[in-house]
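>>> A predicted structure for the sequence below; I have some questions about it.
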Amino acid sequence: MPAANGKISVAPSILSADLWRLGEEVQKVQKAGADWLHIDVMDGHFVPNLSFGPSVVSSLKGKTDLPLDVHLMVEEPMLFVEPFANAGADLLTVHIEAKDEIPAVLEVIKKLGIKAGVSIKPNTDPGVLEPLLDGLDLILVMSVYPGFGGQIFLPESEGQIKRVRDLIVRSGRNIWLEVDGGINPQTAPLAVQAGADALVAGSAIFKAADPVLALKQIRQAAPDI
Ligand code: DX5
Ligand code: ZN
């Protein structure tokens, strides 16, 4: 998942797509210049909602050129990393707040030959990430409480993003900083100024009257870093 020519990467979340037309929706955002496709996986335990399983990932694999960025909002990620890797995930992100031993989960993800990410909820101290930075490809800062699309970007997220950016800079490692929740043309600049280099956007793109325009506006709101 290389940087898109040094630009901010935009990852539309299919959680807000019209699932009747999923293929068309994905083609539309790919043509509009999306960099990754974000797939939200929810187990009804870690978050009070259910969403997609590995079969959705395997249906998309090979049909789109976009890297598949899979966000596991599940209590026991160890159970799911192999099925999602086999289904074709390019990146698997797990939550530090999940029940399993996260360093062990990350090791399995890396052994499966794909990229590994860790996510933190808005009320999690970013300091918990410090021991995990070795071998990590991405940190996902949630700017809403996970579980649903269409929520408002929490203002305290800017502080979280800055702290994570500091950790990354101090580590000297090349780790993506992705922000997820409430991203739209107004909030994208706040996230980028705080240190994000990848932005997830669900409802702001897929629920827009013109998703192509919405994606472009998010890009323009977040100029190259
Ligand atoms: C929320 C998910 C998000 C969600 C974002 O739990 O992790 O990826 O799809 O949706 P918006 O962009 O509508 O906040
Ligand atoms: Zn997500």
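Yes, it's here. Ligands and ions are numbered 1, 2, ... in the order given.

>>> Near K111, how many residues? Count them for me, please.
By the criterion of other Cβ atoms under 10 Å, K111 has 12 neighbours. Where you see a C-beta, it was placed from the backbone N, CA and C, and this is true even at glycine.

>>> Need phi/psi at it.
Note on K111: its backbone torsions stand at phi -60, psi -30 [degrees, to the nearest 10].

>>> Kindly report the residues of this structure close to ligand 1.
Within the chain, the positions near ligand 1 by Cβ under 6 Å from any ligand atom are 13, 15-16, 38, 40, 71, 144, 146-151, 180-183, 200-204.

>>> List the ones among these that fall in strands.
Using DSSP state E, the members of those that fall in strands are H38, D40, H71, D180, V200, A201.

>>> tell me the two of those residues that are most distant?
In those, two members sit farther apart than any others by Cβ to Cβ. They are H71 and A201, at 13.1 Å.

>>> rewinding a little: hmm, which of the ones in strands among the residues of the chain next to ligand 1 are the buried ones?
Applying 16 or more other Cβ atoms under 10 Å to those, the neighbour count classes H38, D40, H71, D180, V200, A201 as buried.

>>> Next, format those as JSON lines and append pLDDT.
Output for these, formatted as JSON lines (pLDDT from 0 to 100):
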{"residue": "H38", "pLDDT": "98"}
{"residue": "D40", "pLDDT": "98"}
{"residue": "H71", "pLDDT": "99"}
{"residue": "D180", "pLDDT": "98"}
{"residue": "V200", "pLDDT": "98"}
{"residue": "A201", "pLDDT": "98"}
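
>>> Return the member of those nearest to D134.
For those, the nearest to D134 is H71 (21.7 Å; Cβ to Cβ).

>>> Let's verify L215: helix, strand, or coil?
Three-state call for L215 (DSSP: H, G, I helix; E, B strand; the rest coil): helix.

>>> quick one: it from P67, how far?
Using Cβ to Cβ, to the nearest Å, we find L215 at a distance of 16 Å from P67.

>>> More neighbours: which of those two?
Neighbours around L215 and P67, counted as other Cβ under 10 Å, are more numerous at L215. The numbers are 24 against 20.
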